[in-house]
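Visitor: What follows is a predicted protein model with its sequence.
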Amino acid sequence: HGTMRVNEKGHLEIGGCDAVDLVRVFGTPLYVLDEALFRENCRLYRVAFARGGGGVLYAGKALLTLAVCRLVEEEGLGLDVVSGGELYTAVQAGFPMDRVYFHGNNKTADEVRMALSAGVHRFVCDSFDELDLLSRLALELGKECNLLLRLTPGIEAHTHDYIRTGQIDSKFGLAIPNGQALEAVRRCLERPALKLRGLHCHIGSQIFELEPYADAARILMEFARQVRDVTGWVIEELDLGGGLGIYYSPGDDPPAVETLAETIFGAVAQAAASEGLPIPKVLVEPGRSIAGPAGTTLYTVGTVKEIPGVRTYVAVDGGMGDNPRPALYGARYEACLANRMNGRLDTLAVSLAGRCCESGDLLIRQADLPPVRVGDVVAVSCTGAYTYSMASNYNRFPRPAMVLVRDGSAELIVRRESYADLIRNDIVPVRFRTRQ
Ligand code: LLP
């Protein structure tokens, strides 16, 4: 997919760059981001959701670096940030703050001050305590705080089905049935520094069904009508969160972005008509479906251990440190040998192991690969989202580099961590140093 192909040497090529050359120049593990595909995914969303003055906020939690901020900005998307660190990244990248939405269920006072001073466009808030904090700090800084309230529509979408519960029990969102959502609206309206612009919900991630989005839209619009009846407040923005699934491995069959847009716009228009409300600006916050397919991780095989009659372990020079998803969620991926793409016929099921000190550090439990040799380059596809952004230094492995590839050129956008980086923040108390 994207700009991936097999070149005349039988090597994997991404963005016109031979993966084997990338490995020679940048080393492994290496995150490779396909610029054309990342941009294309942004464009698909921007075009599909251009209707009605709403828009698309890229969810930075999936993958955020300075260069990624620039891509998102150039493609005309907004940005959803959830922490001071993500906001700082956006500020440093010069990302326009009037396109930034600040999420999170426990923003600190420092983060709120930083966001108010920077001029973020919207806060997304889901607790009474945070409403107090936002109001207090906005007054203190002489700013206005524009916000959305995050609600729990009582829908949980999974990959292949979804359930509606009265779901009041969540750390995210304010519940409608117990009256807390309405109470939060009231408090917003009472406080002059708070400007309530709309409602938000997020029903899950890696979702393959569209009906839950339509249901969520209907539930929030019905609530908006109740609120208008009681308080006179009229919804301006409806943010339905992210969550669209992507292809990782056989069996994954995600719907198209255009279909998501049609489903959402259809449901919103219908709900607006039946509730007697104006059609609000519709927003979505995709992360995975923009960054995920655009990323590939390259590894070098270090050992191949065959346990006769049992299984073969192919160990690569990365693992749960650079991609914790298989260990954390049992996530499935596909791999290929980037240096021998034409040897596909006699594949063998092997386990692709990482090098962390955990039995659970298997990148792929059953990878179909041609007979693997030490020194082969393994490419794991669709690793652009929730990999680097969730990476750790467990076992003191430095985090990998990331390159942006396009039209045959590769540019470093995240430097490989060094051993010196690993001890950068370590301090030895003075008393240890007094020895000769
Ligand atoms: N908006 C909100 C409020 C969210 O909580 C999330 C994801 C998104 C948008 C973006 O959702 P996406 O389009 O990427 O599905 N670490 C997990 C995924 C956690 C998603 C958390 N929230 C994973 O690796 O599967």
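Guide: Noted; the coordinates are in hand.

Visitor: What residues does the stretch 251-400 of the chain have near the ligand?
Guide: Residues of the stretch 251-400 of the chain that fall close to the ligand, judged by C-beta under 6 Å from any ligand atom: Glu285, Pro286, Gly287, Arg288, Ser289, Arg325, Tyr329, Tyr386. No exception for glycine: its C-beta is placed from N, CA and C like everyone else's.

Visitor: which residues of the stretch 151-300 of the chain fall in strands?
Guide: In the stretch 151-300 of the chain, strands defined by DSSP state E, counting those that start in this stretch lie at 155-157, 162-164, 174-175, 194-200, 237-239, 281-284, 295-307, listed in chain order.

Visitor: quick one: contacts for the spatially most central residue of the chain?
Guide: Closest to where the C-alpha atoms of the chain average out (C-alpha atoms, centre = their mean) is Ala62, at 2.1 Å. If you count contacts by C-beta atoms under 8 Å, 6 or more residues apart in numbering, Ala62 has them with Gly287, Arg288, Ile290, Ala291, Gly292, Gly384, Ala385, Tyr386, Ser389.

Visitor: Hmm, the last one is touching Thr65, no?
Guide: No - shown here, Ser389 and Thr65 do not form a contact pair, counting by C-beta atoms under 8 Å, at 9.1 Å.

Visitor: got the buried residues for stretch 16-33?
Guide: For stretch 16-33, a neighbour-count test (16 or more other C-beta atoms under 10 Å) marks 16-20, 22-23, 26, 28-33 as buried.

Visitor: That should have said stretch 277-293, apologies.
Guide: The neighbour-count check on stretch 277-293 (16+ other C-beta under 10 Å) flags 277, 279-293 as buried.

Visitor: for stretch 296-303, same thing?
Guide: Within stretch 296-303, the residues that count as buried by 16+ other C-beta under 10 Å are Thr296, Thr297, Leu298, Tyr299, Thr300, Val301.

Visitor: so what's the fifth one closest to, chain neighbours aside?
Guide: Just to be clear, that refers to Thr300. Ranked by C-beta to C-beta, 6 or more residues apart in numbering and with sequence neighbours excluded, the top spatial neighbour of Thr300 is Thr28, at 4.4 Å.

Visitor: just the first one next, same as before
Guide: Of all residues not flanking Thr296 in the chain, Val32 sits nearest, at 4.7 Å (C-beta to C-beta, 6+ apart).

Visitor: Please give me every residue in contact with that neighbour.
Guide: Applying C-beta under 8 Å, 6+ apart, one finds that Val32 lies in contact with 14-15, 17, 19, 22, 295-298, 402-403, 405, 410.

Visitor: residue contacts, Ala335?
Guide: Under the criterion of C-beta under 8 Å, 6+ apart, the neighbours of Ala335 are Leu352, Leu363, Ile364, Ala367, Leu369, Val378, Ala379, Val380, Ser381.

Visitor: For PyMOL, write the select line for the buried members of those residues.
Guide: To isolate the buried subset of the contacts of Ala335 in PyMOL, counting by 16+ other C-beta under 10 Å, use the following:
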select buried, resi 352+363+364+367+369+378+379+380+381
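
Visitor: Out of the contacts of Ala335, list just those in strands.
Guide: Applying DSSP state E to those, the entries found in strands are Leu352, Leu363, Ile364, Ala367, Leu369, Val378, Ala379, Val380, Ser381.

Visitor: ok, back up a step: which two of the buried residues of stretch 296-303 have the greatest separation?
Guide: When those are compared pair by pair using C-beta to C-beta, the farthest-apart members prove to be Thr296 and Val301, with a separation of 16.0 Å.

Visitor: Low-confidence ranges, the stretch 251-400 of the chain, go.
Guide: Where the stretch 251-400 of the chain drops to pLDDT under 70, the residues are 343-345.

Visitor: Which stretches in it count as helices?
Guide: 257-275, 288-291, 325-329 (DSSP state H, counting those that start in this stretch).

Visitor: Against which helices or strands is the second one packed?
Guide: In other words, helix 288-291. Counting contacts by 3 or more C-beta pairs under 8 Å, 6 or more residues apart in numbering; DSSP states H and E, helix 288-291 packs against helix 35-48.

Visitor: neighbouring contacts of the helix it packs on?
Guide: Residues lying outside helix 35-48 but in contact with it, judged by C-beta under 8 Å, 6+ apart, are 1-3, 15, 55-56, 58, 68, 71-72, 74-77, 257-258, 260-261, 284, 286, 289-291, 293-294, 384, 404-406.

Visitor: Stretch 87-97 too?
Guide: Looking at stretch 87-97 with C-beta under 8 Å, 6+ apart, the contacting residues turn out to be 60, 64-67, 69-70, 72-73, 79, 81, 100, 102, 111, 114-115, 118-121.
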